[in-house]
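>>> Got a sequence here, can you model it:
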Amino acid sequence: MRGKRNETHSVRFLGHQRLEDYFANGKGTKKHIDKHKSPDVMKGKLYMDSTTNQYHKHWDDFCDSMKQADYTVNGHRPRTFEEAVGYMPAYIQELKSRPGARPGTSFSAWSVRAYFAAAAKVMGLSAADYDLPTRHRQDITRSRREAVRDKHFSAERNSELVNFCCCTGLRSRKELQQIQGTDLIDDGSGQYAIRVYGKGGRLRESVIYGTQEQIRQVVDRMRAAGEELVWPRVHSAADIHSYRAEYACRLYEAHARDSKDLPPSERYCCRGDLKGQWFDRKAMLLASRELGHSRINVIAEHYLWRITK
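Residues are numbered from 1 along each chain as shown. Next up is the predicted model:
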């Protein structure tokens with residue numbers, strides 16, 4: 001069992017135990033299948049080891065914060081989840097006031113919600129019942145400015161890796177490092193796709209998209225790998241998410257129709273900080289499927305913001 005274990009039968013211990021139980025329930029099952037069954041089915045499951053590890057870490061953070069605040073119920077430290085729930089409003093306020101990763105900033109709305117999610121999962125809470133900050137697209141910093149570690153990564157020296165990612169839209173280093181040469185799909189028509197085991201163990205087939213030369217480079221790399229891994233090692237500073245965004249924009253622009261040919265009913269009108277911008281719904285759907293997303297608003301918020309209408 002992961003996390004701190006020196007407080008046996010404490011709320012901390014019981015929380016870690018519950019997370020382990022949820023992971024045991026979800027291991028080997030498919031999130032996208034459960035999602036279509038019932039939301040209740042997903043409540044008692046965690047599907048990925050990485051998510052479970054993150055929840056353990058954030059649950060420890062909740063318990064540490066509660067301890068440092070000397071939070072008590074009827075003169076004693078919380079012994080049950082029901083007693084610990086009372087600390088949640090104070091925890092959220094404490095998260096909001098924490099310093100951010102960059103000097104002069106505080107925890108982003110995304111970070112606050114991520115930490116809240118772990119405790120909420122353990123104690124069965126709903127975000128709708130708490131004063132959580134609203135997430136805005138402009139607050140997303142990943143892949144939007146040069147990170148310090150990017151200075152240690154040369155896109156020019158790693159041009160084959162960059163091209164591979166931009167042509168396949170892989171989600172992460174983990175997806176990239178799992179690809180074998182035998183995952184290449186060739187239907188004989190001159191079009192190629194790649195077989196990807198993605199988030200939650202879900203299998204998808206994504207078209208390899210780019211210029212003929214770019215595609216040929218990807219195909220040659222995969223054929224040369226055979227049954228071996230295509231990318232057994234990937235530089236930790238490679239901005240995989242940015243390359244995925246490039247793939248999304250390429251696909252969208254390849255299928256997007258001219259504005260004069262697009263009836264209003266087939267336009268996706270953005271909201272929030274993207275209000276006033278619109279995209280072609282059909283082109284968004286095609287790009288979303290290749291990326292493995294079931295909702296088209298995801299690519300509007302995370303990828304297509306690069307395209308100006």
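>>> For T182, give me its contacts.
The contact partners of T182, by Cβ atoms under 8 Å, 6 or more residues apart in numbering, come to 226-227. (Glycine included, C-beta is placed from N, CA and C.)
>>> Packing partners of the host helix or strand of N53?
Using DSSP states H and E, N53 maps to helix 49-68. Applying 3 or more Cβ pairs under 8 Å, 6 or more residues apart in numbering; DSSP states H and E, we find helix 49-68 packed against helix 11-26, helix 88-97, helix 109-123.
>>> ok and the longest one relative to helix 109-123, angle-wise?
Counting by axes from the mean of the first three to the mean of the last three Cα atoms, to 10 degrees, helix 11-26 points 90 degrees away from the direction of helix 109-123.
>>> Can you list the neighbours in contact with the helix or strand following helix 11-26?
Later in the chain than helix 11-26, the nearest helix or strand by DSSP H and E is helix 31-37. Outside helix 31-37, the residues that touch it by Cβ under 8 Å, 6+ apart are 41-42, 45, 47, 199-202, 294.
>>> Also stretch 58-70?
The set of residues external to stretch 58-70 that reach it, using Cβ under 8 Å, 6+ apart, is 3-4, 11-12, 15-16, 19, 77-78, 84, 87, 90-91, 94, 114-115, 117-119, 122.
>>> rerun at 7 Å
Identification of contacts with stretch 58-70 by Cβ atoms under 7 Å, 6 or more residues apart in numbering yields 3-4, 11-12, 15-16, 19, 78, 84, 87, 90-91, 94, 114-115, 118-119, 122.
>>> List buried members of the residues you listed by neighbour count.
Among the contacts of stretch 58-70, those buried by neighbour count (16 or more other Cβ atoms under 10 Å) are 3, 11-12, 15-16, 19, 78, 84, 87, 91, 94, 115, 118-119, 122.
>>> rewinding a little: so which of the helices and strands packed on helix 49-68 comes closest to I185?
helix 11-26 (28.6 Å; Cβ to Cβ).
>>> between that closest one and helix 49-68, how many degrees?
Interaxial angle of helix 11-26 relative to helix 49-68 (the same axes, to 10 degrees): 160 degrees.
>>> In PDB, list the C-alpha atoms belonging to helix 11-26.
Extracted as PDB, the C-alpha positions of helix 11-26 are listed here (Å, rounded to 0.1, in the frame of the first residue of the first chain):
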ATOM      1  CA  VAL A  11      -8.200   8.800   8.400                       C
ATOM      2  CA  ARG A  12      -5.000   9.000   6.400                       C
ATOM      3  CA  PHE A  13      -4.500   5.300   6.400                       C
ATOM      4  CA  LEU A  14      -8.200   4.600   5.600                       C
ATOM      5  CA  GLY A  15      -8.000   7.000   2.700                       C
ATOM      6  CA  HIS A  16      -5.000   5.200   1.200                       C
ATOM      7  CA  GLN A  17      -6.700   1.900   1.700                       C
ATOM      8  CA  ARG A  18      -9.800   3.100  -0.100                       C
ATOM      9  CA  LEU A  19      -7.700   4.300  -3.100                       C
ATOM     10  CA  GLU A  20      -6.000   0.900  -3.300                       C
ATOM     11  CA  ASP A  21      -9.400  -0.700  -3.200                       C
ATOM     12  CA  TYR A  22     -10.600   1.500  -6.000                       C
ATOM     13  CA  PHE A  23      -7.600   0.700  -8.100                       C
ATOM     14  CA  ALA A  24      -8.100  -3.000  -7.500                       C
ATOM     15  CA  ASN A  25     -11.700  -2.600  -8.700                       C
ATOM     16  CA  GLY A  26     -10.700  -0.600 -11.900                       C
END
